[in-house]
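[1] coords please:
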Amino acid sequence: MAAGGFSRLPNGTVVVALNLPGAAVDGADGVRVLVHAGNRARALTRLRNQGLRAVYLRGNAAPPTPDEVTAVLHHPDGLIWRTAPDTAVGPPELWRPIRSLRSRHPAQA
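    Take a look at the predicted model:
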């Protein structure tokens, strides 16, 4: 369904990255969501609590890059997103807090 992966940090916490289909954002191929949590199950629970009910992590095909880990660790909420990077167009856009994704599409809960 959605590609994703995780990285375990030296302090025992994890950063989970998920690529979600493009229905969430108009004109985009999809979104990349990053979550920092105590474990993988808690990270998915945090996403489900934000209204993303059908998210699952199967495998570790697309783990977060070191730059993505740094981005999510420096965000106060530890839950960020951006449109999936398209290398043909140029550099990816900046990371945004998850509440900005929810405010774009309030009917898709």
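[2] Just list the residues touching the residue nearest the centre of the chain, thanks.
    Residue closest to the average C-alpha location in the chain (CA atoms, centre = their mean): V33, at 1.1 Å. Taking CB atoms under 8 Å, 6 or more residues apart in numbering, we find V33 in contact with 17-20, 47, 52, 79-81, 98. Heads up, the C-betas are built off the backbone N, CA and C, glycines and all.
[3] pLDDT of the longest helix belonging to the chain, averaged?
    Longest helix in the chain, counting residues (DSSP state H): helix 40-49. The average of the pLDDT scores along helix 40-49 is 90.
[4] Which neighbouring elements make contact with it?
    strand 14-21, strand 30-37 (3 or more CB pairs under 8 Å, 6 or more residues apart in numbering; DSSP states H and E).
[5] Would you mind putting those into JSON lines with distance to V69 and mean pLDDT alongside?
    Output for the helices and strands packed on helix 40-49, formatted as JSON lines (distance: least, CB to CB, whole Å; pLDDT from 0 to 100):
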{"stretch": "strand 14-21", "distance to V69": "5", "mean pLDDT": "89"}
{"stretch": "strand 30-37", "distance to V69": "8", "mean pLDDT": "90"}
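[6] T65 is nearest to which of those strands?
    With CB to CB as the criterion, T65 lies closest to strand 14-21 of these, at 8.3 Å.
[7] Show me what the closest one pairs with in its sheet, parallel or antiparallel.
    With DSSP bridges as the test, strand 14-21 is paired with strand 4-8 (antiparallel), strand 30-37 (antiparallel).
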